[in-house]
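J.: Next one to model:
(2 chains)
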Amino acid sequence: QKEVEQNSGPLSVPEGAIASLNCTYSDRVSQSFFWYRQYSGKSPELIMSIYSNGDKEDGRFTAQLNKASQYVSLLIRDSQPSDSATYLCAVGGGSARQLTFGSGTQLTVLP
Amino acid sequence: GAVVSQHPSRVICKSGTSVKIECRSLDFQATTMFWYRQFPKKSLMLMATSNEGSKATYEQGVEKDKFLINHASLTLSTLTVTSAHPEDSSFYICSARRSEGLETQYFGPGTRLLVL
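T.: Okay, the predicted model is just below:
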């Protein structure tokens, strides 16, 4: 049984701070990793994908992957109130080619 | 881009009726689409994997005769909730994966179903 664990939060950070969201996964053969953002009442929206160890930056977002530790994180720099949402970590790999989603971390950026 | 649409966005129906939800990939071909449901403040629950031209694969505990899935083309999958009951009220979201390569899923905007 593949598992993806996230701290459910809520996580609150002040505007302008760095928000750090963490995710661990159980399946060592996982190959692809994704972060989705879901606003209340809306469907998930893809923010980042990462496939190899290290950091991947896209604007204010940085995804970090450490396959040895089975850990993936998302950093949001200069957090804005509009970043307030639930962030879902998803992990892929295996013959079924499905994604396994974490339960999400609720982030609130305080103005 | 990778745009996925869903229709309708919201539906209210009486108990016992059937409701069809369409999921379309607008600018790419999707061999595989996925159907999820989500209850308020809960995580996504995968219901089934829909493959073009073949039968859907349902997750454990999901009744295939109640949630009928058809994936007749590379851009369209439908979910029919048959004989809907109030406990079927939920947010139904589809996602699509490009036919080539990667596992990235692109989500539709979701359909909010309320069964009275």
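J.: Okay, and the beta partners of the spatially most central residue of chain B?
T.: In chain B, the C-alpha nearest the mean C-alpha coordinate belongs to B:W35, at 3.6 Å (CA atoms, centre = their mean). Listed by DSSP bridges, the beta-bridge partners for B:W35 are B:A48, B:C94.
J.: Output the below-cut-off pLDDT ranges for chain A.
T.: Residues of chain A meeting the criterion pLDDT under 70: A:1, A:94-96.
J.: Please list the residues of chain A that sit near chain B.
T.: A:32, A:34, A:36, A:42-46, A:49, A:88, A:90, A:92-93, A:96-99, A:101-104 (CB under 8 Å from any CB of the partner chain). Quick note: C-beta positions are derived from backbone N, CA and C, even for glycine.
J.: Any quick ChimeraX command for the buried ones out of those?
T.: Per 16 or more other CB atoms under 10 Å in any protein chain shown, the buried members of these correspond to this ChimeraX selection:
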select /A:32,34,36,43,44,46,49,88,90,92,93,98,99,101,102,103,104
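J.: in the chain, which spans are strands?
T.: Because you didn't say which chain, this covers chain A. Assigned by DSSP state E, the strands in chain A fall at A:4-6, A:11-14, A:19-25, A:32-38, A:45-50, A:54-58, A:61-66, A:71-76, A:85-92, A:99-101, A:105-110.
J.: other chain: chain B
T.: Going by DSSP E, chain B shows strands at B:4-7, B:10-13, B:19-25, B:32-38, B:45-51, B:57-58, B:67-73, B:76-81, B:90-97, B:105-107, B:111-115.
J.: what angle do the fourth one and strand B:90-97 make?
T.: Taking axes from the mean of the first three to the mean of the last three CA atoms, to 10 degrees, one finds strand B:32-38 and strand B:90-97 inclined to each other by 160 degrees.
J.: Thank you kindly, that will do.
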